[in-house]
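**Student:** Whatever this is, show me its structure:
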Amino acid sequence: MIWALACFSAVCLDVNPTYSPDSTKIAFTRSNDLWVRDVASGSERQLTFDGDQLTLNGYASWVYYEEILGRPSRYRAFWWSPDSRRIAFYHFDNSKVPYFPIYSPYSGGDTRSLGHTGYPGSLNNTRYPKAGQWNPLVKIGFVDTEGDSSIVWADFPLMGGDCTVANSMPADSVAEGAVCDGYFGIPFWKSDSKELCVPTLPRIQNDLNLFSVSAEDGSKRLIYNEKYPTWISWFENMVFGENGLYVARRFETGWDQIYFISYDGEQVRRLTDSRLWDAAVLKVDEKSGKLYFSARLDGAPRTVLFCLDLPRGIKASYSVPRALTPLDKYAERIVIADDFKSFSARISNCTTPPSDIRCKLKAGRTTGTEIISVQQDEHPELRSELIWMTTSDGFELPAIISYPENFDHSGKTRYPVIMEIYGGPDTPYVRDRYRKPRSWYSENGIIKIVCDSRAAGHNGRAGEDQVYKDLTSAPVKDFCEWADYLSSLPYVDGRRIGVEGFSFGGTMTAMLVMRHPERFRCGIAGGGVYDWTLYDSHYTERFMETPQTNAEGYARSCVLNYVEEFKSDFETAPALLLTHGTGDDNVHFQNTLVLIDALQKAGKNFDLMIYPDALHGYRGLQAEFSLNSEAQFWKTHLLQ
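**Tutor:** Predicted structure coming up:
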């Protein structure tokens with residue numbers, strides 16, 4: 001946890017030590033400055049000198065860590081050049097970013113030890129920009145680890161600041177003015193180590209630029225632009241070829257397509273014309289003209305490995321991808337051999353246990369499959385299946401439904417149902433792979449169903465875009481129609497449908513139980529956002545714009561505004577259990593506190609379970625307690 005400690009204190013620790021590509025040097029941050037150490041001699045060299053608690057060099061501000069670089073980055077915001085000479089890094093100014101205090105009843109150390117004392121507790125003061133608030137100011141620097149240590153700054157304005165800038169500055173003016181309220185994405189070096197490719201988005205995230213920046217003098221040139229009416233995601237899962245990169249994008253056809261983008265920006269070519277989603281380019285064999293990628297096809301909740309023939313001529317038509325793994329199986333753990341002569345994967349679906357396979361490849365086609373191992377079905381008595389429901393306005397939505405042991409389809413027995421949901425954009429919970437539910441559901445005669453809304457991506461952008469500027473109305477509609485569909489089944493007791501979800505799913509659960517008690521008897525809402533002005537700027541504004549430009553949408557999506565509709569009092573159902581971790585640095589415990597306050601003032605009855613110091617999800621003994629506590633809730637409010 002060294003990297004986490006350094007984030008919140010000024011202690012002198014080496015953070016994120018990272019070897020250069022040739023393994024001769026190690027770059028790291030210390031007290032928010034960037035350093036380099038020579039491996040052979042052990043000598044150290046400081047590369048930046050202004051680091052403090054508000055100025056971070058090569059160490060990410062929280063919103064970049066959470067939403068752009070990702071948690072696996074461990075806050076690292078520096079990148080070695082391929083020739084091991086230069087380091088590109090992000091410089092963050094947090095001085096105007098509001099800080100949010102997260103209280104712990106403990107003062108540090110191992111809270112489980114007998115000698116631990118919590119008095120007087122401790123505060124984690126995170127610089128956390130909520131929707132509409134000031135973002136960190138960011139600039140990009142280059143430093144030569146072998147020569148002159150002076151920093152070359154990229155020719156960008158400071159990126160970040162007050163959201164009012166985004167309302168007046170057009171997205172294509174990113175290079176103008178001293179400050180532009182937007183974001184830098186994850187950069188990547190070109191193979192010659194002379195230029196760094198840097199993606200940018202404005203605060204209203206619908207206009208993506210990709211610049212090539214000189215590490216020598218910081219000058220830049222635009223090599224790619226992409227626009228879309230709602231929002232655009234960052235570049236992910238790219239493969240770098242000799243003259244350009246291969247990447248999946250979703251701005252042109254309503255689905256993911258594979259593109260080739262030349263490094264000089266002269267050529268942008270779409271390579272596919274299929275209904276793909278969640279596509280990721282895995283490997284490219286330019287010599288033989290084969291590209292390998294994974295994707296879901298035609299809205300199916302299964303990831304499949306494909307091979308694509310690269311076009312040979314300028315006027316060549318789109319290639320049709322060839323499936324290398326079965327279309328009726330979910331493929332994961334895919335590894336393609338460096339010589340492109342074989343690949344391995346694990347395949348399964350909700351009715352078929354996983355098989356580890358190895359397939360031979362020749363000219364991008366499978367020539368033989370070897371089954372390495374097959375996992376046994378540990379609970380054959382627990383049956384699951386993939387089902388579909390078509391909404392009243394035509395969206396086809398999937399679900400995985402799991403039946404209790406000795407299930408009776410005849411309708412003589414009517415079973416209670418627990419719906420597990422999420423509902424957030426491009427986050428499908430339904431995956432047609434082998435996952436057995438806890439036997440507890442079967443033992444208590446409960447049907448368990450995991451279902452998605454139109455926002456999950458199974459209908460491409462046509463479904464996903466419907467949550468733009470209003471994150472909750474469309475998913476609420478879809479989950480209500482799921483409840484109606486279930487109630488229509490002869491073996492379902494429509495009076496006993498419960499719902500549960502965490503994070504965005506917690507938001508949905510609270511809203512469904514409050515607004516639609518005729519469909520949902522009870523629910524467990526964990527770690528939810530109950531007022532979107534209380535969540536972080538980058539995620540929330542991607543879908544909602546800012547509170548300043550979309551006040552009506554924020555009001556419609558705010559759970560607090562539906563408390564008065566909640567029918568629960570101290571004598572009648574529905575029942576709602578709220579859970580949250582007090583140490584949650586992602587969705588702050590503040591969300592649940594303000595909902596508690598609103599419910600109490602409105603005289604509404606509810607249950608509450610708080611997990612001290614827990615983050616965004618419960619682990620260890622807290623997770624065990626959570627399962628037991630929730631089981632008791634279902635027994636009390638759903639089964640009786």
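**Student:** which is the next helix or strand following the worst-scoring helix or strand of the chain on mean pLDDT?
**Tutor:** The helix or strand of the chain with the poorest confidence is helix 2-8; it has a mean of 37 (mean pLDDT, DSSP states H and E). Toward the C-terminus, helix 2-8 is succeeded by strand 14-19 as the next helix or strand (DSSP states H and E).
**Student:** remind me which residues of the stretch 151-300 of the chain are low pLDDT?
**Tutor:** Across the stretch 151-300 of the chain, the ranges flagged by pLDDT under 70 are 164-178.
**Student:** in the stretch 1-150 of the chain, which spans are strands?
**Tutor:** The residue ranges that make up the strands of the stretch 1-150 of the chain, judged by DSSP state E, counting those that start in this stretch, are 14-19, 25-30, 33-38, 44-46, 55-57, 78-80, 86-93, 99-104, 122-127, 135-144.
**Student:** State the mean pLDDT of the first one.
**Tutor:** In this case it means strand 14-19. Within the predicted structure, the mean pLDDT of strand 14-19 is 97.
**Student:** Mind listing the strands it pairs with, and their directions?
**Tutor:** When pairs are called by DSSP bridges, strand 14-19 turns out to pair with strand 25-30 (antiparallel).
**Student:** Next: the fourth one.
**Tutor:** In the sheet containing strand 44-46, its partner strands are strand 33-38 (antiparallel), by DSSP bridges.
**Student:** residues of the strand it pairs with that come out buried?
**Tutor:** By neighbour count with 16 or more other C-beta atoms under 10 Å, strand 33-38 contains the buried residues 33, 34, 35, 36. For every residue, glycine as well, the C-beta is placed using N, CA and C.
**Student:** tell me the contacts of the first one?
**Tutor:** Shown here is residue 33, whose contacts under the criterion C-beta atoms under 8 Å, 6 or more residues apart in numbering are 46, 47, 48, 49, 50, 51, 57, 58.
**Student:** Only the buried residues of the helix or strand containing residue 284, if you could.
**Tutor:** Element membership for residue 284 (DSSP H and E) is strand 276-285. By neighbour count, with 16+ other C-beta under 10 Å as the criterion, the buried positions of strand 276-285 are 276, 277, 278, 279, 280, 281, 282, 283, 284, 285.
**Student:** now the first one, which residues is it bridged with?
**Tutor:** By that I understand residue 276. Going by DSSP bridges, residue 276 forms beta bridges with residue 256, residue 297.
**Student:** Distance check, it against residue 248.
**Tutor:** For residue 276, the distance to residue 248 equals 7 Å [C-beta to C-beta, to the nearest Å].
**Student:** Please enumerate the shared neighbours of those two.
**Tutor:** When C-beta under 8 Å, 6+ apart defines a contact, the residues bordering residue 276 and residue 248 alike are 256, 257, 258, 295.
**Student:** you'd agree the third one is in a strand?
**Tutor:** Yes: remark: residue 258 belongs to a strand, assigned using DSSP: H, G, I helix; E, B strand; the rest coil.
**Student:** count of neighbours near it?
**Tutor:** Other residues near residue 258 come to 27 when the count uses other C-beta atoms under 10 Å.
**Student:** okay but it is in contact with residue 248, surely?
**Tutor:** Yes: A contact is recorded between residue 258 and residue 248 when judged using C-beta atoms under 8 Å, the distance being 5.5 Å.
**Student:** what touches both of the two?
**Tutor:** Taking C-beta under 8 Å, 6+ apart as the criterion, residue 258 and residue 248 both touch 276, 279, 281, 293.
**Student:** Specify the beta-bridge partners of the third one.
**Tutor:** This means residue 281. Partner residues in beta bridges with residue 281: residue 293, with DSSP bridges as the criterion.
**Student:** quick one, what contacts the most far-flung residue of the chain relative to its centre?
**Tutor:** Distance to the chain centre peaks in the chain at residue 412, reaching 42.7 Å (criterion: C-alpha atoms, centre = their mean). Residues touching residue 412, when contacts are defined by C-beta under 8 Å, 6+ apart, are absent altogether.
**Student:** Okay, helices next: where are they in the protein?
**Tutor:** Read by DSSP state H, the chain holds these helices, from start to end of the chain: 2-8, 62-64, 164-168, 439-443, 460-464, 473-488, 504-515, 537-544, 551-556, 590-601, 620-634.
**Student:** For those, could you give me CSV that also reports mean neighbour count and distance to residue 78?
**Tutor:** CSV is the format used below for the helices of the chain (neighbours: other C-beta atoms under 10 Å; distance: least, C-beta to C-beta, whole Å):
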stretch, mean neighbour count, distance to residue 78
helix 2-8, 16, 13
helix 62-64, 25, 12
helix 164-168, 15, 27
helix 439-443, 16, 47
helix 460-464, 20, 34
helix 473-488, 20, 38
helix 504-515, 28, 32
helix 537-544, 23, 20
helix 551-556, 16, 36
helix 590-601, 18, 32
helix 620-634, 15, 33
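**Student:** Any idea which of the ones you listed has the lowest pLDDT on average?
**Tutor:** The stretch with the lowest mean pLDDT among the helices of the chain is helix 2-8, which comes in at a mean of 37.
**Student:** ok so, going back, quick one, which of the helices of the chain is nearest to residue 14?
**Tutor:** Evaluated with C-beta to C-beta, those place helix 2-8 nearest to residue 14, the distance being 7.5 Å.
**Student:** before we move on, back to that, of all the helices of the chain, which one is nearest residue 123?
**Tutor:** Smallest distance to residue 123 across the helices of the chain (C-beta to C-beta): 9.0 Å, for helix 2-8.
**Student:** Excluding chain neighbours, what is closest to residue 463?
**Tutor:** Spatial nearest neighbour of residue 463, chain neighbours left out: residue 454 (3.4 Å); criterion: C-beta to C-beta, 6 or more residues apart in numbering.
**Student:** And the one you found, how far from residue 509?
**Tutor:** As it turns out, when the distance is counted by C-beta to C-beta, residue 454 lies 18 Å from residue 509.
**Student:** quick one: residue 230 and residue 207 touch, right?
**Tutor:** No: contact between residue 230 and residue 207 fails when scored by C-beta under 8 Å: they sit 11.6 Å apart.
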